[in-house]
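# Next come a sequence and a model predicted from it.
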Amino acid sequence: MPVFEFKGLTQEGKEIRGLRDADSPRALRMLLRKEGIFLTDVSSKGKNAQSPSSAAGMLQREVKFGKLFKSKISVGQLATFTRQLATLLAADVALVEALSALVDQASEENIKRILSDIKQRVNEGASLAKGLEAHKKDFGDLYINMIRAGEHSGALDAVLLRLAEFSEGQARLKQKILGTLTYPIIMVIMGGLILTVLMTYVIPKVAKLFEDMQSTLPITTRILMFTSRIFQNYWFIIFPLIALIAFATFKWSKSKSGQPVWHRWQLKLPVVGELVRMVTVARFSRTLATLLKSGVPVLTALEIVQNVISNSAISNVIKDVRESVREGESISAPLKRSGEFPPLVFHMVAVGERSGKLEEMLLSIAESYEQQTEVRIGALTSILEPLIILTMGGVIFFVAIAILQPMFSLNTLVK
């Protein structure tokens, strides 16, 4: 059944847009009329050719909805969709019917469009993995390959449940990190704004009182006044320069030559480096375990994991592991040679390979490092918050002393 994009008006005169299945535009008009919607425009989302007028109308709508196409499915949305699809398939609901239910339930326009296209492709005879491949940027190699393995093994619902658990775990970890860093970042931003206002507006007014004093100002006051003059006279250079340095650093860290250096440097940082390594090891272990349990061949699984890992230093290690496995070597040996993985990891992987329980060992590693990550993030937060408060307090104390010292001197002279 074709999918149509429509635009209409409700009985209250409110404009409404959406996607709907129907046999023809006429059937769609009748269906919407029963719901109290007056159809004003309709276009097919199928593969058939469109007339020039329809294509022009579609182009206008594509421009209007440009922002929606740029929005990617979040990890949380993907986890919800996967679990719902797994539940429907486990209840013996046909795949096309399950996708139809998810299309109707989707509230976000971008998700509805993606699911409608996948459903149409499946309805025309393609596999679910083939339908997902048309939206590879949204689902990724990991997701698509696991779905393909599930379809080949006849255990698609079980694979979907594993994918849902994996996506939910990734969403929880991401939310934990973001939630932990939000408060310190807000404090730093607010502290910077307060300091900027003090240096550019408050301190210059106070400095005028001290300029008429005949006595020598304390060193703290002179430092404060000098810093304030720099902010006041050169703010239009300082702030753009800071923004330019930050932008240049960001672009360099994403470049082909800068990214490996940046990622290696990340791993060597005293506190953050250990945290980055823990997160990466946990993701490597859980992703590889999930792929292997779903029936994905080990070489394909390692290739997917290599693309999933964001740190290029660790990703290159996994690439070497894949080449070593292709030549008949075990996974644990190249992990040990790399020096990038903790001893616990390659020892447990070696035990798993010898006992034939590699997936279980990888899951144990993932759970262990995810727990350590949560503990380390909690400890980092407990250190960051008082450290930021002490830093802000120290700055305010310095400003207060720099202002009060000359005032005390002034009072002494008056007496």
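Perfect, thanks for sending it. Numbering: from 1, shown residues only.

# Low-confidence regions, the stretch 301-415 of the chain specifically.
Low-confidence segments of the stretch 301-415 of the chain (pLDDT under 70): 409-415.

# can you give me the helices for the stretch 301-415 of the chain?
For the stretch 301-415 of the chain, the helices defined by DSSP state H, counting those that start in this stretch occupy 312-326, 332-338, 343-355, 358-414.

# As JSON lines, these with distance to A134 and mean neighbour count would be great.
The C-beta positions use only the backbone N, C-alpha and C, and glycine is treated the same way. Output for the helices of the stretch 301-415 of the chain, formatted as JSON lines (distance: least, C-beta to C-beta, whole Å; neighbours: other C-beta atoms under 10 Å):
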{"stretch": "helix 312-326", "distance to A134": "26", "mean neighbour count": "19"}
{"stretch": "helix 332-338", "distance to A134": "35", "mean neighbour count": "18"}
{"stretch": "helix 343-355", "distance to A134": "36", "mean neighbour count": "16"}
{"stretch": "helix 358-414", "distance to A134": "30", "mean neighbour count": "15"}
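
# What residues does Q84 make contact with?
By C-beta atoms under 8 Å, 6 or more residues apart in numbering, the residues touching Q84 are 102, 105.

# Give me the buried positions along the helix or strand where it lies.
Using DSSP states H and E, Q84 falls within helix 75-90. For helix 75-90, the neighbour count (16 or more other C-beta atoms under 10 Å) marks 75, 77-86, 88-89 as buried.

# Of these, just say which sits nearest to L163.
Of all these, T82 has the smallest distance to L163: 4.9 Å, by C-beta to C-beta.

# ok, the nearest residue to the closest one once chain neighbours are set aside - contacts?
With sequence-adjacent residues excluded and distances taken as C-beta to C-beta, 6 or more residues apart in numbering, T82 is closest to A164, at 4.2 Å. Applying C-beta under 8 Å, 6+ apart to A164 gives the contacts 79, 82-83, 86.

# Out of these, which comes closest to I186?
A79 (27.2 Å).

# quick one: that closest one and A171 touch, right?
Yes: counting by C-beta atoms under 8 Å, A171 is a contact partner of A79 at 5.5 Å.

# burial measure for A301, as a count.
Here the number of neighbours of A301 (other C-beta atoms under 10 Å) works out to 25.

# Quickly name whichever of the buried residues of helix 75-90 is closest to T182.
Once C-beta to C-beta is applied, the member of the buried residues of helix 75-90 that ends up nearest T182 is V75, at 17.3 Å.

# Give me the distance between the closest residue to the closest one other than its chain neighbours and E97.
Nearest non-adjacent residue to V75, counting by C-beta to C-beta, 6+ apart: A171, 4.3 Å away. A171 is 27 Å from E97, where distance means C-beta to C-beta, to the nearest Å.

# Of the two, which one has the most company?
Applying other C-beta under 10 Å to A171 and E97 shows that A171 carries more neighbours, namely 17 against 11.

# Just want the angle from the host helix or strand of R283 to helix 358-414.
In this structure, R283 sits in helix 272-293 according to DSSP H and E. Angle of helix 272-293 versus helix 358-414, following axes from the mean of the first three to the mean of the last three C-alpha atoms, to 10 degrees, is 160 degrees.

# What residues of helix 272-293 count as buried?
274-293.

# Mean confidence (pLDDT) on it, please.
On average, the pLDDT along helix 272-293 is 87.

# From the contact counts, what lies against it?
Packing partners of helix 272-293 (3 or more C-beta pairs under 8 Å, 6 or more residues apart in numbering; DSSP states H and E): helix 136-153, helix 156-197, helix 258-268, helix 298-308, helix 312-326, helix 358-414.

# any idea how far G179 is from the residue nearest to V75?
For A171 relative to G179 (C-beta to C-beta), the value is 12 Å.

# what do you get for H152?
The span separating H152 from G179 equals 39 Å under the rule C-beta to C-beta.

# Check G169 too.
Taking C-beta to C-beta as the measure, G169 falls 16 Å from G179.

# which one of these two has more residues nearby?
Each of G169 and G179 has its neighbours counted (other C-beta under 10 Å); G169 has more, 19 against 11.

# Run the chain-centre distance for the helix holding Q84.
In this view, helix 75-90 has its centroid 19 Å away from the chain centroid, taken as C-alpha atoms, centre = their mean, to the nearest Å.

# same question for it, mean pLDDT?
85.

# What would that helix look like as CSV? C-alpha coordinates only.
C-alpha atoms of helix 75-90 as CSV (Å, rounded to 0.1, in the frame of the first residue of the first chain):
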residue,chain,number,x,y,z
VAL,A,75,19.6,6.6,21.0
GLY,A,76,16.6,6.8,23.3
GLN,A,77,14.2,6.9,20.3
LEU,A,78,16.0,4.0,18.7
ALA,A,79,15.8,1.9,21.9
THR,A,80,12.0,2.6,22.2
PHE,A,81,11.3,1.7,18.6
THR,A,82,13.4,-1.5,18.8
ARG,A,83,11.8,-2.7,22.0
GLN,A,84,8.3,-2.0,20.6
LEU,A,85,9.1,-3.9,17.4
ALA,A,86,10.5,-6.8,19.3
THR,A,87,7.4,-7.0,21.5
LEU,A,88,5.1,-7.0,18.5
LEU,A,89,7.1,-9.7,16.6
ALA,A,90,7.3,-11.8,19.8
